[in-house]
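Visitor: fold the following.
(chains A, B, C and D)
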Number of protein chains: 4
Amino acid sequence: MPSNSTRVAGRHFLQIPGPTPVPDRILRAMDMPVLDHRGPEFQKLGRRVLENIKGVFKTKSHVFIFPASGTGAWEASLTNVLSPGDKVLMFETGHFSTLWKNMAIKLGLEPIFIEADWRTGAQPDAIEARLREDKNHEIKAVCVVHNETSTGCVSPIGAVRKAIDAAGHPALYLVDTISSLASIDFRHDEWGVDVTVSGSQKGLMLPPGLSFNAVSEKALAASKTAKLPKLFWSWEEMIPHNKNGFFPYTPGTNLLYGLDAAIDMLNEEGLDNVFARHDRHAEATRRAVRAWGLEILCREPAHYSSSLTAVIVPDGHNADDFRAKVLDAFDMSLGTGLTKLTGKVFRIGHLGDTNDLTIMAALAGVEMGLELAGIPHKKGGVAAAMEYFTSEARKNQPSLAAAE
Amino acid sequence: MPSNSTRVAGRHFLQIPGPTPVPDRILRAMDMPVLDHRGPEFQKLGRRVLENIKGVFKTKSHVFIFPASGTGAWEASLTNVLSPGDKVLMFETGHFSTLWKNMAIKLGLEPIFIEADWRTGAQPDAIEARLREDKNHEIKAVCVVHNETSTGCVSPIGAVRKAIDAAGHPALYLVDTISSLASIDFRHDEWGVDVTVSGSQKGLMLPPGLSFNAVSEKALAASKTAKLPKLFWSWEEMIPHNKNGFFPYTPGTNLLYGLDAAIDMLNEEGLDNVFARHDRHAEATRRAVRAWGLEILCREPAHYSSSLTAVIVPDGHNADDFRAKVLDAFDMSLGTGLTKLTGKVFRIGHLGDTNDLTIMAALAGVEMGLELAGIPHKKGGVAAAMEYFTSEARKNQPSLAAAE
Amino acid sequence: MPSNSTRVAGRHFLQIPGPTPVPDRILRAMDMPVLDHRGPEFQKLGRRVLENIKGVFKTKSHVFIFPASGTGAWEASLTNVLSPGDKVLMFETGHFSTLWKNMAIKLGLEPIFIEADWRTGAQPDAIEARLREDKNHEIKAVCVVHNETSTGCVSPIGAVRKAIDAAGHPALYLVDTISSLASIDFRHDEWGVDVTVSGSQKGLMLPPGLSFNAVSEKALAASKTAKLPKLFWSWEEMIPHNKNGFFPYTPGTNLLYGLDAAIDMLNEEGLDNVFARHDRHAEATRRAVRAWGLEILCREPAHYSSSLTAVIVPDGHNADDFRAKVLDAFDMSLGTGLTKLTGKVFRIGHLGDTNDLTIMAALAGVEMGLELAGIPHKKGGVAAAMEYFTSEARKNQPSLAAAE
Amino acid sequence: MPSNSTRVAGRHFLQIPGPTPVPDRILRAMDMPVLDHRGPEFQKLGRRVLENIKGVFKTKSHVFIFPASGTGAWEASLTNVLSPGDKVLMFETGHFSTLWKNMAIKLGLEPIFIEADWRTGAQPDAIEARLREDKNHEIKAVCVVHNETSTGCVSPIGAVRKAIDAAGHPALYLVDTISSLASIDFRHDEWGVDVTVSGSQKGLMLPPGLSFNAVSEKALAASKTAKLPKLFWSWEEMIPHNKNGFFPYTPGTNLLYGLDAAIDMLNEEGLDNVFARHDRHAEATRRAVRAWGLEILCREPAHYSSSLTAVIVPDGHNADDFRAKVLDAFDMSLGTGLTKLTGKVFRIGHLGDTNDLTIMAALAGVEMGLELAGIPHKKGGVAAAMEYFTSEARKNQPSLAAAE
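Guide: Coordinates of the predicted model:
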């Protein structure tokens, strides 16, 4: 809220990498009376969302839905397939992979953490090499974050699968898609993922409060013998209820109404169109960053994220001071730098239910904020993004091309 | 909806000069069960809005609220104070003043229409001159549109009052503030207006469906003898009911909930802050237009509107083709040129519940659209607006100035 | 709000004969961003509602939609087809027919009012007799209220048509269906009605703010020469815009979203089912009233309303004191007695989006309120209604019948 | 949905013992844009709800809020204070206490289960006796369900505390208040509870999706050494974030908006008024059950629940067939009998945001359903409830008493 006013006019610009702006259609779908979660109306809803969510994960297997936020689905992914003392191979892509590793420790697992500098996605070669060393197959799972929300780097999930196979290693493959699902192409079945973790509040365009485990047959088999204690997260408890469209305990009824609407919206747009839209917004953002003469945190173009872009602030300047000024002057929230990136980067979220003009507003807010914060930069980021969007609009629409 | 997609992602940009985007708080206030309009709960609401709306008009007199859109309040303003065959002096500021004149004819009045070129507000001198000619005081009312929504020109309402007084003429003074109220300073009492007409769907940030007549004692006195037939619009029917917070027929209950919230929001921000915000958005828009090398329809800077800016499209180009491309490519609605301006201008609405970044998005959409539509222009409109907003942010916030 | 508490728990019971409770689905449909009322998205909506509303009136002719409450549609019905000094024959069914008559006087018409005692619908014989006297056909219109909201008596609209024809009289036939449309069967075309007046806030389940004129070809022809002044209500202004799905001035956008949803809901249930449901609720209510030993205001069973039941309070008791106690103790609004019925009757609304158990709640509230207010009555009204609903449930559902 | 219609008119009656009907005010509060959960606006909200929720638990200690449904808060209560192999003393009050016991087993604890017949609350004497046997204090926790949702029996939480103290036993005291909080008086501090478990979807009038642990200092101390693995549920992770109004992972933002509104509503009504209202609705329900000649499952009047009443269906009849008929004929959901009570009882929920007339509707639906289902019963349940409500209304409101 700007300091010169007691009311902020207009809509807040929520340009963090999730939670993302929830479309009115989804908010209104949730703004409905609670149903009896053991009755026939609920059952129809339960069956529908349990079936239709599969398409979003590109899987034919089961997807478990938890009435809890994403961190819970991480816990579910580990506790359902692993036993105390199990070794898990994890790759340090950034803050969130580190949190997942810390969770593994807390749960009594023994993570092997391939360290890296938070500027790339996971490296298949390094994973393959480490798995080859594990002659006795003590490593029970490989855990990779698809889109590292703290850095804006994407891991090559299909390539990691090939690396595991090349090493001839039987470890389960667990992937966090919390900030990539329904924003960046992900293929649970084709890429041989055993447990995919996700959440509601990013590409699915919902408020936080639902999370997911998509599971392979191999993962289900592993869950029969896994010994980590759990009940709330237990797939075994879920399965018989899910078969009838129900849940073993009170589900997040109204969020499920929203999920039902969200899946419809994604299908109406078409997942490929959704991904292309995210790619376009990310590219426009990167062109702006380059025009400003600032550095993108993700070093490897092949790993650029279509969900968010983390931008390095020059030495001697604090990214959080900049963010505070942008919030104060222009009522826009940008993502903060996390743990070791605190003060060093800010993150521009460009995922979820957004469009070209909203991205333009966000980039204008950043460009004006850089000026207000006295951060050295060149003008022209906004102009570069406009030029790109204009050329994309021509490309996509023959009628517009004709106007040239 | 873009032609390459079946769903449009993100929020539509409604940059027409009204209806304006309705804040969530107001939409949610309206999204409530209907009350018994003859019961005690409704009575509290009725009393509150009837009292509090006065402050928005800057009047201590009564404000009538009709469950009808703005055109109805025009009809109410004429039928309550005039009789068949009465002469009314009206000034041609544009499409809407012409419609009001046509209404007067339909209702059996005899309008005297001071013609003008739709590029200025009303001219007090011309009004004074015409009134002086009217030695027998056959003219019963002077009608002026405060903000002409079709052109973006503002009439000097206080100066017209002085002109009427200078002419020593007893005519009633009727003013249309449909697109100025709660956006551009307006002072019913101080400026000696007898009937102020307004509507819900612009500066009041509500959906269409409520309209208003703020009335002076002189207007109330005139209504006792006015002979134009009416019942729905009749102030006389309203007065005894309004005294108790009620209405003579079913009121627009849910829109009244919204009005109650809208008045609170305006007061929380402060009307002066609201006007300053509109001025800022208008100035940014005009700077962009000038940077593009395009012409602003309103010729007289003193008459510039803070609600909207009408922009002339160069000869050989059609403003509606341009608007269609902007809607198609960027999901933004701009205002069309009306009647004799059709195809010649487009209008950028910058009124109601909006903020700097939304204006930036709108200007970016226009600048990209000019390119797509092949309309000759210079780049730099968006850059000019950013420069202006940055300097305004520094001015308003000492903490930001310090960052320079 | 009960006097012993600052918050009232649970939902208010709105058992007045309109406005009626608005379904969540309709409220949520209205709780959406305003559209550009001159753009292509709005056009689709406009075309859809203008076409689909016809089915609700059972007409193939045009239906005009006004952004105004029902009293306005009365005014539109008169001003579009009549000229100053025209005679109109009206039947005194109660408070609302009297108001319509008073409006006719205010508008400069000369109503001939067939007086009656507010305990029946209109009497075709009396109308026929009066028309036969009118040898010179000075009477230009016959005006009848289908369902008199103040009394709960229904007029036989088809029979009045036959009476007009039997008299060989060319008068236009105007019918007010404000509290009958979508609750009680009404057939604009089959019954030869020329102008049907209606509103949004009763059987259409919307908040107040929209109203309607369904018109015959004969009425449209009459409108070409009618001389009463009007613009807001003018059909002539509407026609060219409506042809393209638009309106001549800002329409009630969000109420139109609601109307679109309301028509869908009525069609999903089926109009015949809607009428049968209203009949059932009315019959249950009347059985309760009789069991209490109280008198139904409507004297003629053939004229009983399925929208509401007005109940006479015994001499020495005041119906408004009773209503106040019910509101205070049980948070239920009942309809008041209007003008000459003040204090003598209360009205139970049983129209719109309601169901058997809500009616049971309402009847329980009345039965308990009678006790609290010390109004002499027999117990057993609620029991009688339960017995009736049970037998109806058995009749409608073979599976339930089998359980006996 | 009744079989004779494709649309169900009116509002569904959700008379299960939770989730309960969510008030419009809370649904609308949740129907708002998501905030940045790391920003200053969220921080204000976080601080407010974390502080204000304490009053609902009647504690000055900390209350943890999980973005998960109630079963999760059970898991949190056990995993934060216990270690693998710990003995816990649990009392079999019904289905939910059995589930909690099963969870304890799954988590690697060793529950000692005091068996009972599901027709009373927990018995302090039995608990004291068992604790006295535990000379070595191997029992680390006593777990009691305050209101057993499957049976409608309330456990005397204060008396159990006294029993633990009388036994001189140091065990922690864990209480499940999922279906009692904000419906039945509960006093975390005064009754010496160490961990209180609760959820959002019952007395708090919210949709499911939030759950709670109110904790004593003793519980916090125990959590430092407890060895059950956890991260999502870990209090330790929460504490430093909560101090600033934040959470360690994405919180249930929109449900927190709702919680904020819910606490306001409870305080506006006053907790004592809330409890009295629940008591009144429960008593009316029991009077109806007795009048029908049916048996209340809870055998001990001192243990009657004010949240729900479980009713025994006579031998030879199936409660679920009855419930299906009620749903089909009257669109009302009643609670099913769980596990060993399947088909033998139905449960009437009378908790949350409800009022006298809604209870009357529910009881009428039950009475009519008994008839439709052919279940032997006497008429008069509804009449008995009306008589009770009438006398209560007189008692509470002097103005009504005067009317007698």
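Visitor: check which helix or strand A:Pro207 maps to.
Guide: Taking DSSP states H and E as the definition, one finds A:Pro207 inside no helix or strand.
Visitor: burial of it, as a residue count?
Guide: A:Pro207 is flanked by 32 other residues according to other CB atoms under 10 Å in any protein chain shown. Quick note: C-beta positions are derived from backbone N, CA and C, even for glycine.
Visitor: that one touches D:Thr253, doesn't it?
Guide: Yes. At 5.6 Å, A:Pro207 counts as touching D:Thr253 under the criterion of CB atoms under 8 Å.
Visitor: between those two, what contacts are shared?
Guide: A:19, D:34 (CB atoms under 8 Å, 6 or more residues apart in numbering or on different chains).
Visitor: pLDDT score assigned to A:Ser211?
Guide: Turning to A:Ser211, the model gives it a pLDDT of 98.
Visitor: quick one: name the residues of the stretch 201-350 of chain A near chain B.
Guide: A:265, A:268-270, A:273-274, A:277, A:325, A:328-332 (CB under 8 Å from any CB of the partner chain).
Visitor: now do 10 Å
Guide: A:205, A:264-270, A:273-274, A:276-278, A:281, A:321-322, A:324-326, A:328-332 (CB under 10 Å from any CB of the partner chain).
Visitor: list buried residues within those residues.
Guide: Those of these that meet the buried threshold are A:205, A:264-266, A:269, A:273-274, A:276-278, A:281, A:322, A:324-326, A:328-332, by 16 or more other CB atoms under 10 Å in any protein chain shown.
Visitor: in helices, which of the residues of the stretch 201-350 of chain A next to chain B fall?
Guide: A:264-269, A:273-274, A:276-278, A:281, A:321-322, A:324-326, A:328-330 (DSSP state H).
Visitor: so which of those also contact chain D?
Guide: A:324, A:328.
Visitor: partner strands of the longest strand that chain A contains and their direction?
Guide: Longest strand in chain A, counting residues (DSSP state E): strand A:139-145. Strand A:139-145 sits in its sheet next to strand A:87-91 (parallel), strand A:172-176 (parallel), going by DSSP bridges.
Visitor: would you format those as JSON lines with mean neighbour count and distance to A:Pro240 included?
Guide: Output for the strands paired with strand A:139-145, formatted as JSON lines (neighbours: other CB atoms under 10 Å in any protein chain shown; distance: least, CB to CB, whole Å):
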{"stretch": "strand A:87-91", "mean neighbour count": "23", "distance to A:Pro240": "29"}
{"stretch": "strand A:172-176", "mean neighbour count": "25", "distance to A:Pro240": "23"}
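Visitor: can you give me the helices for chain A?
Guide: A:24-30, A:40-57, A:70-79, A:95-106, A:124-133, A:157-166, A:217-223, A:235-242, A:253-269, A:271-292, A:319-330, A:356-372, A:381-396, A:398-401.
Visitor: output the ones you listed in JSON lines, with mean pLDDT appended to each entry.
Guide: Formatted as JSON lines, those follow (pLDDT from 0 to 100):
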{"stretch": "helix A:24-30", "mean pLDDT": "98"}
{"stretch": "helix A:40-57", "mean pLDDT": "98"}
{"stretch": "helix A:70-79", "mean pLDDT": "98"}
{"stretch": "helix A:95-106", "mean pLDDT": "98"}
{"stretch": "helix A:124-133", "mean pLDDT": "98"}
{"stretch": "helix A:157-166", "mean pLDDT": "98"}
{"stretch": "helix A:217-223", "mean pLDDT": "98"}
{"stretch": "helix A:235-242", "mean pLDDT": "98"}
{"stretch": "helix A:253-269", "mean pLDDT": "98"}
{"stretch": "helix A:271-292", "mean pLDDT": "98"}
{"stretch": "helix A:319-330", "mean pLDDT": "97"}
{"stretch": "helix A:356-372", "mean pLDDT": "98"}
{"stretch": "helix A:381-396", "mean pLDDT": "96"}
{"stretch": "helix A:398-401", "mean pLDDT": "62"}
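Visitor: would you list those helices in TSV and tack on distance to B:Ala159?
Guide: Shown next, in TSV, are the helices of chain A (distance: least, CB to CB, whole Å):
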stretch	distance to B:Ala159
helix A:24-30	44
helix A:40-57	62
helix A:70-79	62
helix A:95-106	62
helix A:124-133	76
helix A:157-166	70
helix A:217-223	78
helix A:235-242	73
helix A:253-269	53
helix A:271-292	46
helix A:319-330	36
helix A:356-372	37
helix A:381-396	40
helix A:398-401	46
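Visitor: could you give me the average pLDDT of the longest strand of chain A?
Guide: The model assigns strand A:139-145 a mean pLDDT of 98.
Visitor: tell me the angle that strand makes with helix A:157-166.
Guide: Compare the direction of strand A:139-145 with that of helix A:157-166 by axes from the mean of the first three to the mean of the last three CA atoms, to 10 degrees and you get 160 degrees.
Visitor: can you pull the buried residues of strand A:139-145?
Guide: Within strand A:139-145, the residues that count as buried by 16+ other CB under 10 Å are A:139-145.
Visitor: swap in stretch A:112-130?
Guide: A:112-114, A:116, A:118-124, A:126-128, A:130.
Visitor: closest to B:Pro40 among those residues?
Guide: Using CB to CB, A:Trp118 comes nearest to B:Pro40 of those, at 62.8 Å.
Visitor: how far is stretch A:7-15 from where the chain is centred?
Guide: 24 Å (CA atoms, centre = their mean, to the nearest Å).
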